[in-house]
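*Asks:* would you be able to build a 3D model of this:
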Amino acid sequence: MRTQPLGEVRAKVNQESEVLCRVWSVFPFDFFPDEIVVEKSKVSFIKHFFFGTQEILTVSIHDVQAVNVETSPFFSSIKLLNRTPMIPEISIDNLRTSDAMKLQAVVQGLLIARKEDINVNDLPPDQTLRQVRKLGSPPA
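*Replies:* Numbering: from 1, shown residues only. Next comes the predicted model:
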């Protein structure tokens, strides 16, 4: 097994931890707005319950099975289906529809990129966002 020098490890960590997309649920419909953060290698759901209290659920892109958006006339919700049986589904409600659709396209694009062996780690975050969003968007 080949060990990587510390510099290579740090560079890889920095590449994969760049935030591509961040959305929040809408206040005042969610008094303590929840947050979803998408990075190149993972999706984090940060649920706020009260002042200073939160639950953070992080799922590797490898473990994401599907991402679904449910829309209504005012807001949308997003559901991430996970391959891990301990947490099969994670959902966040009261999102702006545009934010939910953007988030779905980004995560779906990352899933397609992984499946098709498309390397997005070497691209800068803004270019990665454009490419995976285009890849994951539904046909017009």
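*Asks:* contacts, neighbours, all on C-alpha from now
*Replies:* Will do.
*Asks:* give me the mean pLDDT for the lengthiest helix in the chain.
*Replies:* Counting by DSSP state H, the longest helix found in the chain is helix 97-115. For helix 97-115, mean pLDDT rounds to 95.
*Asks:* now the strands: where do they sit in the chain?
*Replies:* Along the chain, counting by DSSP state E, strands occupy 19-24, 35-39, 42-50, 53-60, 64-71, 76-82, 89-95.
*Asks:* a markdown table for those, including distance to residue 130 and mean neighbour count?
*Replies:* Formatted as a markdown table, these follow (distance: least, Cα to Cα, whole Å; neighbours: other Cα atoms under 10 Å):
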| stretch | distance to residue 130 | mean neighbour count |
| --- | --- | --- |
| strand 19-24 | 9 | 19 |
| strand 35-39 | 13 | 20 |
| strand 42-50 | 17 | 18 |
| strand 53-60 | 21 | 14 |
| strand 64-71 | 18 | 17 |
| strand 76-82 | 20 | 20 |
| strand 89-95 | 21 | 19 |
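*Asks:* need the ones you listed in a markdown table with distance to residue 115, can you?
*Replies:* Shown next, in a markdown table, are these (distance: least, Cα to Cα, whole Å):
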| stretch | distance to residue 115 |
| --- | --- |
| strand 19-24 | 19 |
| strand 35-39 | 17 |
| strand 42-50 | 15 |
| strand 53-60 | 14 |
| strand 64-71 | 11 |
| strand 76-82 | 16 |
| strand 89-95 | 21 |
